[in-house]
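Enquirer: Below: sequence and its predicted model.
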Amino acid sequence: MSKGFLFSTVPNILCELGSSTKVGELIKKLGTKHAMIVTDPGLRKLGLTDKIQAGIEKEGLKCSVFDKVAEDPPESIVLELIQKCKEIGVDGIVGVGGGSSMDTAKVTAFMAGKTSQTMAEVYGVGKTVGSRLPLIQVPTTAGTGSEVTDISVITTGVAEKKGVVGPQLYADYAVLDGDLTLSLPPKVSAATGIDAMVHAIEAYTSKFKKNVLSDVLAREALKLLSENIRRVCEDGQDRDARGGMLLGSLYAGMAFANSPCAAVHALAYPIGSHFHVPHGLSNSLMLPHVLRFNGGEPKAALMYRDLTGILFPAEAAIQGTDVMVMADGFTQLSHDLKIPVNLSQVGIKETDLEFLATEAMKVDRLMPNNPREVKLQDALDLYTKAYHN
């Protein structure tokens, strides 16, 4: 091994069916007296936070619930939560939900902790100064990997997304309870599962910070995700498959937190922020086209060959491991799982594509990580292909 690297992740991972009932014990050990559960209204209505709240209160702790988190969390909601935590004396945060809830929980734990910074001052990479409150993350979807990343993406203004990236955003515990994902509808399971696959693929091929440990995690993530995604979409009550998807998503999150995402995500962000398409679906719509584009770069093509056989072993055995086999495999997977396969199916018009391309090129936290340079015309071509697919 000739190239050194730094790998960072959360210090503790609890992976066990039913483990969300232990959150109370864990956050008490961290010294919390008043915990705030951060979630969205849908999950609270489904009762997915009830056992977690009961477990916290069983430990003799006070527990409040903030359930106003929305998709692509707006800064105004985050600021409201931070202020509330300070006013009522919250000293521990529990994020319960998908990426939006966990991203909100991360930045709140920091901003309500020991820091004098404003939100405007922490946007960017490595800008966070200070320490956060105790933080536990409990994912309810197998896709974002947010429970093990140091990244929080917030929507500022009308539709612009900004990231807060800093080591303080790593949680004290990631708690994986497959039972919390049993109620996910098939289409959500499909889109979030492909999102996790994108994390692993982009981590494996990232131009910067790719390393041997992130590679191992990316490959194992893709193995677990590809083996279980059809199972959870066909039978949502398959607890073993649900657990496998959560673990695969976590591995992918650990990989891309250290070897960052690239063009698929950069192109997906404006689709989500301007047209309110769920993040996982936005990624799945762009993935096959970026794969084909990147395959034109010889080094990237070789890396993709490592992954095609893991993702689509039956197809690879007959057609080989060329990146085109992988790209076609994902298009077919989307068809099979009955999720949209082109931009026109999610309300985007052909006249919107130039705007999307311009917006995507602004995502300079991610686009430079792509193994092949993406220029404005390339971005427009990729959106055009995704529109006509």
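Expert: Okay, I see it.
Enquirer: Skip the chain neighbours and tell me the closest residue to Ala35.
Expert: Gly92 (4.4 Å; C-beta to C-beta, 6 or more residues apart in numbering). Placement of C-beta: from N, CA and C, glycine included.
Enquirer: ok, the most centrally placed residue in the chain - contacts?
Expert: Taking C-alpha atoms, centre = their mean as the criterion, Thr144 is the residue nearest the geometric centre of the chain, at 2.1 Å. Applying C-beta atoms under 8 Å, 6 or more residues apart in numbering, we find Thr144 in contact with 98-99, 102, 192, 195-196, 249, 253, 279-280.
Enquirer: if we look at the helix or strand bottoming out on mean pLDDT in the chain, which residues are touching it?
Expert: Sorting the helices and strands of the chain by mean pLDDT, DSSP states H and E puts strand 160-165 at the bottom, at a mean of 88. Contacts of strand 160-165 with the rest of the structure, by C-beta under 8 Å, 6+ apart, involve 72, 106-107, 110, 122-128, 150-156, 269, 273, 363, 365.
Enquirer: Please apply the same query to stretch 203-220.
Expert: Contacts for stretch 203-220 (C-beta under 8 Å, 6+ apart): 1, 3, 5, 7, 200-201, 248, 251-252, 254-256, 258-262, 294, 300, 303-304, 306-307, 310, 368-371.
Enquirer: List buried residues within those residues.
Expert: Among these, those buried by neighbour count (16 or more other C-beta atoms under 10 Å) are 200-201, 248, 251-252, 254-256, 258-262, 294, 300, 303-304, 307, 310, 369-371.
Enquirer: And the strands in the stretch 51-200 of the chain?
Expert: Assigned by DSSP state E, counting those that start in this stretch, the strands in the stretch 51-200 of the chain fall at 62-66, 92-97, 124-125, 135-139, 151-156, 160-165, 173-176.
Enquirer: can you list those in a markdown table and add distance to Lys338?
Expert: Putting the strands of the stretch 51-200 of the chain into a markdown table (distance: least, C-beta to C-beta, whole Å) gives the following:
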| stretch | distance to Lys338 |
| --- | --- |
| strand 62-66 | 34 |
| strand 92-97 | 24 |
| strand 124-125 | 38 |
| strand 135-139 | 24 |
| strand 151-156 | 28 |
| strand 160-165 | 28 |
| strand 173-176 | 27 |
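Enquirer: And for the nearest residue to Ile229 once chain neighbours are set aside, the neighbour number?
Expert: Spatial nearest neighbour of Ile229, chain neighbours left out: Gly193 (4.2 Å); criterion: C-beta to C-beta, 6+ apart. As a burial measure, Gly193 scores 28 neighbours (other C-beta atoms under 10 Å).
Enquirer: Could you do Ser183 as well?
Expert: Neighbourhood size, Ser183 [other C-beta under 10 Å]: 14.
Enquirer: can I assume it is in contact with Leu46?
Expert: Yes - contact criterion C-beta atoms under 8 Å: Ser183 and Leu46 qualify, at 6.0 Å.
Enquirer: that older thread, what's the PyMOL syntax to select whichever of the contacts of strand 160-165 are buried?
Expert: The following PyMOL line selects those of the contacts of strand 160-165 that are buried, judged by 16+ other C-beta under 10 Å:
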select buried, resi 72+106+107+110+122+123+128+150+151+152+153+154+155+156+269+273+363+365
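Enquirer: CA-only coordinates of stretch 265-281 in CSV, if you can.
Expert: Provided in CSV are the C-alpha atoms of stretch 265-281 (Å, rounded to 0.1, in the frame of the first residue of the first chain):
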residue,chain,number,x,y,z
HIS,A,265,-25.2,13.6,-6.6
ALA,A,266,-24.2,17.0,-8.1
LEU,A,267,-26.7,16.5,-10.9
ALA,A,268,-29.4,15.1,-8.6
TYR,A,269,-29.3,18.0,-6.2
PRO,A,270,-31.1,20.6,-8.4
ILE,A,271,-33.7,18.0,-9.4
GLY,A,272,-34.6,17.7,-5.7
SER,A,273,-34.3,21.3,-4.6
HIS,A,274,-36.1,22.9,-7.6
PHE,A,275,-38.6,20.1,-8.5
HIS,A,276,-39.1,18.5,-5.1
VAL,A,277,-38.2,15.0,-6.4
PRO,A,278,-37.0,12.8,-3.5
HIS,A,279,-33.2,12.6,-3.2
GLY,A,280,-32.9,8.8,-3.8
LEU,A,281,-35.1,9.0,-6.9
